[in-house]
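In: Take this sequence and fold it.
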Amino acid sequence: MSTLAVNTITAETGNTVSLASGKTLDASQGLSTPTGHVIQSVLWKISPIEKSTSGSWAVSSFPTLANTYEVENLNFTKKNSNSKVHITVSGHVDHSGTNGQPSVVALIEKNANETFIGAAYRHVRVQQDEPLTYAFCGEDAVAGTSKIYSLRCHCSGTSMRFGRSASGVNTSHVFTILIQEIAG
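Out: I've put the predicted structure just below:
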């Protein structure tokens, strides 16, 4: 095996530099990703779950780790400490014991400062096999590579069902979170 050290590779003609047929370029030891490009993308699928939501939730409340219920956590490792993470949350939630009550689904990064990513509020007037969509986007611009994202919920009703309905698991009630690390 031999090593070639160069500062610039350019095409002899045109604008394209190609590898020989059947060959690949291994950039596993590092790649400089241009600003704004996606470094990695993860699709987090929430397992069907019913969360008890005892207590009341006021529409003016701001979601925190202490005043919401944990649905599920995801450990996410960024490739670059100074990159940003863009997150899109979307899914169906079925409610129980709710009639004209406010509810919230939120995403918070579990760290010393409890970084709030985003939330969606609904004033629930339907329940039991009538799921509602919760959708929001957010950005995590906090440095560091080790992240723990926590999907949270609360409602003045008795429970919230993620990825399922009152009658049981229903695959059409999917709840997903798209996490994309963006070069900074």
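
In: contacts, neighbours, all on C-alpha from now
Out: Noted.

In: Next, the contact list for the residue most central in space within the chain, please.
Out: Closest to where the C-alpha atoms of the chain average out (C-alpha atoms, centre = their mean) is residue 177, at 3.8 Å. Contact partners of residue 177, counting by C-alpha atoms under 8 Å, 6 or more residues apart in numbering, are 43-46, 87-90.

In: hey, where'd the strands end up in this protein?
Out: 38-45, 49-52, 69-77, 84-96, 101-109, 115-124, 132-140, 146-155, 159-162, 164-165, 168-169, 175-182 (DSSP state E).

In: Mean pLDDT and distance to residue 3 for those strands - can I get that in JSON lines?
Out: As requested, the strands of the chain are exported to JSON lines (pLDDT from 0 to 100; distance: least, C-alpha to C-alpha, whole Å):
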{"stretch": "strand 38-45", "mean pLDDT": "97", "distance to residue 3": "27"}
{"stretch": "strand 49-52", "mean pLDDT": "91", "distance to residue 3": "54"}
{"stretch": "strand 69-77", "mean pLDDT": "97", "distance to residue 3": "31"}
{"stretch": "strand 84-96", "mean pLDDT": "94", "distance to residue 3": "34"}
{"stretch": "strand 101-109", "mean pLDDT": "94", "distance to residue 3": "43"}
{"stretch": "strand 115-124", "mean pLDDT": "94", "distance to residue 3": "45"}
{"stretch": "strand 132-140", "mean pLDDT": "95", "distance to residue 3": "39"}
{"stretch": "strand 146-155", "mean pLDDT": "96", "distance to residue 3": "34"}
{"stretch": "strand 159-162", "mean pLDDT": "91", "distance to residue 3": "53"}
{"stretch": "strand 164-165", "mean pLDDT": "75", "distance to residue 3": "56"}
{"stretch": "strand 168-169", "mean pLDDT": "66", "distance to residue 3": "56"}
{"stretch": "strand 175-182", "mean pLDDT": "97", "distance to residue 3": "31"}
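
In: Minimum distance to residue 13: which of those strands has it?
Out: strand 38-45 (29.6 Å; C-alpha to C-alpha).

In: Would you mind listing the buried residues in that closest one?
Out: Under the neighbour-count criterion of 16 or more other C-alpha atoms under 10 Å, strand 38-45 has 38-39 buried.
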